[in-house]
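> build me a model:
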Amino acid sequence: MNRWRTFGTFLSATCLLTAWATLAGADNWPQWRGAGQNGVSKDINLPAQWSNTQNIAWKLPLPGKGSSTPIVWGDRIFLTGSDGNDLVLLCVATEGKMVWKRKVGGGNKAFKGDETNSASNSPSTDGRHVYCFFATGDLACVDFQSNIVWSFNVQDRYGKFSIYHGIHTTPVLHEDRLYLTLLHSNAHWVIALDKTTGKEVWKHHRPTDAQGESEQCYTTPLVWNDGKTTSIVVVGCDYATGHRLTDGGEIWRVGELNPKSKYSTAFRIIGSPVAAQDLLIISTARGNGPVVALKPGARGAVKPGGEYEQWRVKAAPDVPSPLIHDGLVYLCGESGVLTCVDAKTGEQVYKERLHVSRYRASPVYADGKIYLTGRDGNFSVVKAGRKFELLATNELPDEFTASPAISNGRIYLRGFKSLYAVEAAGK
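Numbers count the residues shown, from 1 in each chain. Predicted coordinates:
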């Protein structure tokens with residue numbers, strides 16, 4: 001009898017620990033756009049309103065500028081940044097104190113005037129190590145105590161970068177590998193690295209016939225599990241492609257994103273792909289660039305109107321990546337126009353003006369709300385759903401190009417000057 005009671009106690013404790021671990025994992029924001037790489041958080045009780053004096057848990061001045069989104073694991077926040085000429089990885093406690101600062105590289109540089117600098121690539125973490133990459137090519141694995149486990153310069157290994165506005169892609173962590181795309185005028189590679197050692201697992205050449213600036217891109221790859229297959233999705237240089245995890249080989253390729261009949265040599269793609277299990281959303285370039293919805297199971301060349309293409313509409317933003325949630329796709333234009341389309345049909349649900357500013361950060365969803373970030377420190381909070389409803393407009397005295405991170409009841413906003421923790425009063 002005691003043996004069964006002991007077993008029952010053990011089973012209950014095991015279930016409790018499993019539930020706690022699942023909950024704790026859901027609270028983390030371990031990479032750019034969160035655990036699902038989709039900008040969606042399960043957090044609730046988040047505020048719609050804040051200001052420099054309202055619903056701010058804390059504000060921490062940063063040593064220098066950066067545009068990377070912070071990541072969160074447990075009680076630690078990590079973000080890349082600059083400190084003079086140095087490029088650094090910062091560790092901040094969720095209570096708002098700087099824990100440590102580790103120099104990873106040097107040679108910080110401004111890109112596109114005041115737009116960004118060499119600290120624009122967001123870090124990723126598996127809960128033991130943090131992986132950070134900079135526009136200089138410096139790539140490092142750092143443990144939670146600030147020790148560098150391994151590091152190398154990507155330009156030394158894979159060739160000099162040739163890209164107008166700097167390499168700003170974020171390496172994506174999945175299981176025991178780190179996936180990196182290098183898409184610029186001197187190289188077009190999809191690369192898998194062993195996350196423990198930094199050694200190359202495979203390198204796949206991704207061919208393109210793009211010309212001029214169109215052969216350069218700024219997107220981050222996406223790990224997509226479509227219910228049957230897990231693959232790496234890469235968008236840029238006039239195409240979207242899906243790649244095998246085993247060797248990087250190409251599974252499918254979406255073309256006609258930059259049609260030859262009216263070809264643009266300035267068709268640079270910045271916004272990254274996003275997916276639900278049953279649909280992949282591919283955003284391209286500003287102007288009349290298409291947004292394409294791709295069905296699971298694609299193989300070979302995918303052409304407009306083909307069996308694997310769900311829809312294609314001309315609505316691509318410039319920099320912000322799309323957001324997909326609950327059957328709707330949200331597209332934030334660079335000038336502050338929010339377009340919502342039906343995820344199944346591509347039909348426009350609404351198109352509304354937010355705040356007149358430059359929009360560089362990607363929208364995020366949590367607690368029934370869409371959070372949108374203006375460059376000038378103006379934040380729009382829109383109710384999720386088919387009817388446009390502006391819940392709040394908020395301002396902070398800073399400039400923002402980083403996307404928000406959400407974890408454990410807080411919204412973390414990274415400005416050029418400070419890191420802000422937004423939390424509902426009384427929590």
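> what about the residue nearest to residue 346 when sequence neighbours are not counted, neighbour count?
The shortest distance from residue 346 to any non-neighbouring residue, by C-beta to C-beta, 6 or more residues apart in numbering, is to residue 311 (3.1 Å). C-beta: built from backbone N, CA, C; applies to glycine. Other residues within reach of residue 311, judged by other C-beta atoms under 10 Å, total 20.
> could you do residue 278 as well?
Neighbours of residue 278 (other C-beta under 10 Å): 12.
> what do you get for residue 216?
Residue 216 has 23 nearby residues by other C-beta under 10 Å.
> same check on residue 353?
Other residues close to residue 353 by other C-beta under 10 Å number 12.
> now it: how far from residue 48?
Distance of residue 353 to residue 48, given as C-beta to C-beta, to the nearest Å: 19 Å.
> just grab the bridge partners of the residue nearest to residue 346 for me.
When assigned by DSSP bridges, residue 311 has beta-bridge partners residue 293.
> so what's it up against?
Each residue near residue 311 by C-beta atoms under 8 Å, 6 or more residues apart in numbering is listed here: 292-293, 345-346.
> same thing with residue 263?
Each residue near residue 263 by C-beta under 8 Å, 6+ apart is listed here: residue 211.
> over to residue 417?
61-62, 398-399.
> distance check, the residue nearest to residue 346 against residue 341.
Distance from residue 311 to residue 341, by C-beta to C-beta: 8 Å.
> so, low pLDDT: which residues of the stretch 1-150 of the chain?
For the stretch 1-150 of the chain, the stretches with pLDDT under 70 are 1-26.
> repeat the analysis, applying 90 as the threshold.
Across the stretch 1-150 of the chain, the ranges flagged by pLDDT under 90 are 1-27, 110, 112-116.
> residue boundaries of the strands in the stretch 151-300 of the chain?
Taking DSSP state E, counting those that start in this stretch, the strands of the stretch 151-300 of the chain run over residues 172-174, 177-184, 187-194, 200-205, 222-225, 230-236, 239-244, 250-254, 274-276, 279-283, 290-294, 300-302.
> of all those, which one is nearest residue 424?
Within the strands of the stretch 151-300 of the chain, the stretch nearest residue 424 is strand 274-276; the backing value is 27.1 Å (C-beta to C-beta).
> what's the average pLDDT for that closest one?
Per-residue pLDDT over strand 274-276 has a mean of 95.
> name the residues of that strand that are buried.
By 16 or more other C-beta atoms under 10 Å, the buried positions in strand 274-276 come out as 274-276.
> what strands line up against that strand, and which way round?
strand 279-283 (antiparallel).
> what angle separates the partner strand from strand 250-254?
60 degrees (axes from the mean of the first three to the mean of the last three C-alpha atoms, to 10 degrees).
> so strand 279-283 versus strand 239-244, what angle?
140 degrees.
> what's strand 279-283 in contact with?
With C-beta under 8 Å, 6+ apart, strand 279-283 has contacts from 222, 224, 226, 233, 235, 240, 254, 257, 269, 271-275, 289, 291-296, 310, 316-317, 321-322, 324, 329, 331, 343.
> follow-up on the earlier one: so which of the strands of the stretch 151-300 of the chain gets nearest residue 408?
Between those, strand 172-174 lies closest to residue 408; by C-beta to C-beta that is 20.4 Å.
> residues in contact with that closest one?
Against strand 172-174 from outside (C-beta under 8 Å, 6+ apart): 30-31, 37, 124-126, 131, 178-180, 195, 220-223, 230, 232, 245.
> hmm, try it at 10 Å
Under the criterion C-beta atoms under 10 Å, 6 or more residues apart in numbering, residues 30-32, 37, 123-126, 129-131, 178-181, 192, 195, 220-223, 225, 230, 232-233, 245, 272 lie in contact with strand 172-174.
> among these, name the buried ones.
Buried by 16+ other C-beta under 10 Å: 30-32, 37, 123-126, 129-131, 178-181, 192, 195, 220-223, 232-233, 245, 272, out of those.
> need the contact list for residue 119.
Here residue 119 is in contact with 62, 64-68, 79-83, 86-90, 104-105, 108, 132-136, 168 (criterion: C-beta under 10 Å, 6+ apart).
> any idea how far residue 47 is from the closest residue to residue 421 other than its chain neighbours?
In space, residue 421 comes closest to residue 57 once its chain neighbours are excluded; the distance is 4.1 Å by C-beta to C-beta, 6+ apart. Distance, residue 57 to residue 47, using C-beta to C-beta: 10 Å.
> and what of residue 284?
Note on residue 284: its distance to residue 47, by C-beta to C-beta, is 34 Å.
> the more surrounded of these two?
Taking neighbours as other C-beta under 10 Å, residue 284 and residue 47 compare with residue 284 leading, 29 against 21.
> which one is that one nearest to, not counting chain neighbours?
residue 316 (4.6 Å).
> that neighbour reaches residue 268, doesn't it?
No: using C-beta atoms under 10 Å as the test, residue 316 is too far from residue 268 to be in contact (11.5 Å).
> need the overlap of contacts for the two.
284-286, 289.
> most neighbours among the residues you listed, please name it.
Going by other C-beta under 10 Å, residue 284 tops the shared contacts of residue 316 and residue 268 with 29 neighbours.
> sorry, back to before: which neighbours do residue 57 and residue 47 share?
In contact with both residue 57 and residue 47: 409-411, 422-425, 427, using C-beta under 10 Å, 6+ apart.
> save the residues you listed as CSV, and put in pLDDT too.
What follows is the shared contacts of residue 57 and residue 47, written out as CSV (pLDDT from 0 to 100):
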residue, pLDDT
409, 96
410, 97
411, 98
422, 98
423, 97
424, 95
425, 87
427, 58
